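1. build me a model from this:
(2 chains)
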Number of protein chains: 2
Amino acid sequence: MHYCSQCGSTVQLEIPKQDNRLRHVCSNCGTIHYQNPKPVVGCLPELNGRLLLCRRAIEPRYGSWTLPAGFMETNETVQEGAARETLEESGAKVEVGNLYTMFSLPHVSQVYLLFRARIVAQDVKPGNESLEIGFFNETDTPWANIAFPVIRETLWLYWRDRAHGTFGLHTGDIVRIPGQLRRYRVHLNY
Amino acid sequence: MHYCSQCGSTVQLEIPKQDNRLRHVCSNCGTIHYQNPKPVVGCLPELNGRLLLCRRAIEPRYGSWTLPAGFMETNETVQEGAARETLEESGAKVEVGNLYTMFSLPHVSQVYLLFRARIVAQDVKPGNESLEIGFFNETDTPWANIAFPVIRETLWLYWRDRAHGTFGLHTGDIVRIPGQLRRYRVHLNY
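-> Coordinates of the predicted model:
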């Protein structure tokens, strides 16, 4: 950030009064431009014991498989966002159920909120951001080509929980290991 | 938003290619300035069967009581943010437990994530943003002077669950009723 979005003057990094960390502050109008993590919302869409996955038509990780999920928009609820992303990326209309995983990704300042969901309309077709969609059980899941660690971890938990027949909320962190390309540490709270 | 934070030129509202909603787009460098909801993280800090509340020393709702909570910062996890806010506002060191309520507030584009927490260091003192702190059971909770509907709803659920002895996750929405000052509709999913 170089310029104030309110008045167009330059911003500088300083610690505002009553604050304890560096913020971008406008040198002219004094507006403090806070930056906050972004919620990412999505679904584990279920149909006949399988999960719907989408193959990404966009970077990063073009061509890899993922659950339908994306950045939450303003003026929507987390469940509305999860259903919207699922519809946009796969064409599937879902009934959103319980929150299933909540993962913090502090290195990219994102919070993933992924919900169990039941597909209620089956006219599924890939959206602009998907090359194709597919329905997978545990063994035919493309484990070697899952887009992100947060998705792989959520899918692992799901198939383990399905085998046990209980689906509780799982929360945890996924942290990039410093100096390592695409190596992550997963920490589960419960 | 009037100016591009990258190059200082004016922005205009338009729907970018492959998108379906209006964004602030720079007329010069083309940067798309997305806006997303903000996570608010906090705790229900427990000590000897009571909950710690803080009386607000800042607007909005100066002088009213609230749970320690605030905007999540970049590069932290939700649990780290909840513990940090609790320490900053009350001086209490907590061990963060299970996620207890998740509420969407779409009219202000916020997502509240509130955790049960155990106070592990008792040298509690009000921070800059608190006039005083106190420990309350259900009957002496200042119900008539709670800062926000999301906090009142969370406290109601907590004391009801404590009576029943079970603490599950509750999720829902709190929506401002159009045209009404400080009137809200609460919707609980489960």
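2. when you work out contacts or count neighbours from here on, use the C-alpha atoms and nothing else.
-> Will do.
3. and chain A, which of its residues are near chain B?
-> By the rule C-alpha under 8 Å from any C-alpha of the partner chain, the part of chain A lying against chain B is A:1-9, A:18, A:35-39, A:71-78, A:104-109, A:111, A:128, A:173.
4. can I get the buried part of these as one PyMOL selection?
-> Applying 16 or more other C-alpha atoms under 10 Å in any protein chain shown to the residues of chain A next to chain B, the buried members can be selected in PyMOL as follows:
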select buried, chain A and resi 2+3+4+5+6+7+8+9+36+37+38+39+71+72+73+74+75+76+77+78+104+105+106+109+111+173
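5. now, which of the residues of chain A next to chain B lie within helices?
-> residue A:78 (DSSP state H).
6. before we move on, what's the pLDDT of the most centrally placed residue in chain A?
-> Nearest residue to the geometric centre of chain A (C-alpha atoms, centre = their mean): residue A:40, 3.6 Å. What the model reports for residue A:40 is a pLDDT of 98.
7. ok, it - contacts?
-> A:69-72, A:110-113 (C-alpha atoms under 8 Å, 6 or more residues apart in numbering or on different chains).
8. swap in residue A:188?
-> Contacts of residue A:188 by C-alpha under 8 Å, 6+ apart are A:170-173.
9. which of those residues lies closest to residue A:162?
-> Of all the contacts of residue A:188, residue A:170 has the smallest distance to residue A:162: 13.7 Å, by C-alpha to C-alpha.
10. surely that closest one and residue A:112 touch.
-> No - using C-alpha atoms under 8 Å as the test, residue A:170 is too far from residue A:112 to be in contact (11.4 Å).
11. strands of chain A, start to end?
-> Shown for chain A, the strands assigned by DSSP state E span residues A:11-14, A:23-26, A:32-33, A:38-47, A:50-56, A:65-66, A:69-71, A:93-105, A:110-121, A:130-136, A:170-176, A:184-188.
12. distance to residue B:53 for these - can I get that in JSON lines?
-> As requested, these are arranged in JSON lines below (distance: least, C-alpha to C-alpha, whole Å):
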{"stretch": "strand A:11-14", "distance to residue B:53": "31"}
{"stretch": "strand A:23-26", "distance to residue B:53": "28"}
{"stretch": "strand A:32-33", "distance to residue B:53": "28"}
{"stretch": "strand A:38-47", "distance to residue B:53": "27"}
{"stretch": "strand A:50-56", "distance to residue B:53": "43"}
{"stretch": "strand A:65-66", "distance to residue B:53": "41"}
{"stretch": "strand A:69-71", "distance to residue B:53": "32"}
{"stretch": "strand A:93-105", "distance to residue B:53": "26"}
{"stretch": "strand A:110-121", "distance to residue B:53": "26"}
{"stretch": "strand A:130-136", "distance to residue B:53": "47"}
{"stretch": "strand A:170-176", "distance to residue B:53": "25"}
{"stretch": "strand A:184-188", "distance to residue B:53": "29"}
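13. where among those strands is the average confidence lowest?
-> strand A:184-188 - the lowest mean pLDDT of these, at a mean of 90.
14. report the beta-bridge partners for residue A:101.
-> In this structure, residue A:101 bridges to residue A:114, residue A:170 when assessed by DSSP bridges.
15. how many neighbours does it have?
-> By other C-alpha atoms under 10 Å in any protein chain shown, the residues close to residue A:101 number 23.
16. identify all contacting residues around the helix ranked longest in chain A.
-> The residue-count maximum for a helix in chain A (DSSP H) belongs to helix A:149-164. With contact meaning C-alpha under 8 Å, 6+ apart, helix A:149-164 is reached by A:66-67, A:101, A:103, A:112, A:138, A:143, A:146, A:167, A:174, A:184.
17. what's the angle between it and strand A:93-105?
-> Compare the direction of helix A:149-164 with that of strand A:93-105 by axes from the mean of the first three to the mean of the last three C-alpha atoms, to 10 degrees and you get 120 degrees.
18. which positions in helix A:149-164 come out as buried?
-> Of the residues in helix A:149-164, A:149-155, A:157-159 count as buried by neighbour count, 16+ other C-alpha under 10 Å.
19. got those residues as JSON lines, with distance to residue B:132 columns?
-> Shown next, in JSON lines, are the buried residues of helix A:149-164 (distance: C-alpha to C-alpha, whole Å):
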{"residue": "A:149", "distance to residue B:132": "43"}
{"residue": "A:150", "distance to residue B:132": "40"}
{"residue": "A:151", "distance to residue B:132": "43"}
{"residue": "A:152", "distance to residue B:132": "45"}
{"residue": "A:153", "distance to residue B:132": "42"}
{"residue": "A:154", "distance to residue B:132": "42"}
{"residue": "A:155", "distance to residue B:132": "45"}
{"residue": "A:157", "distance to residue B:132": "43"}
{"residue": "A:158", "distance to residue B:132": "44"}
{"residue": "A:159", "distance to residue B:132": "48"}
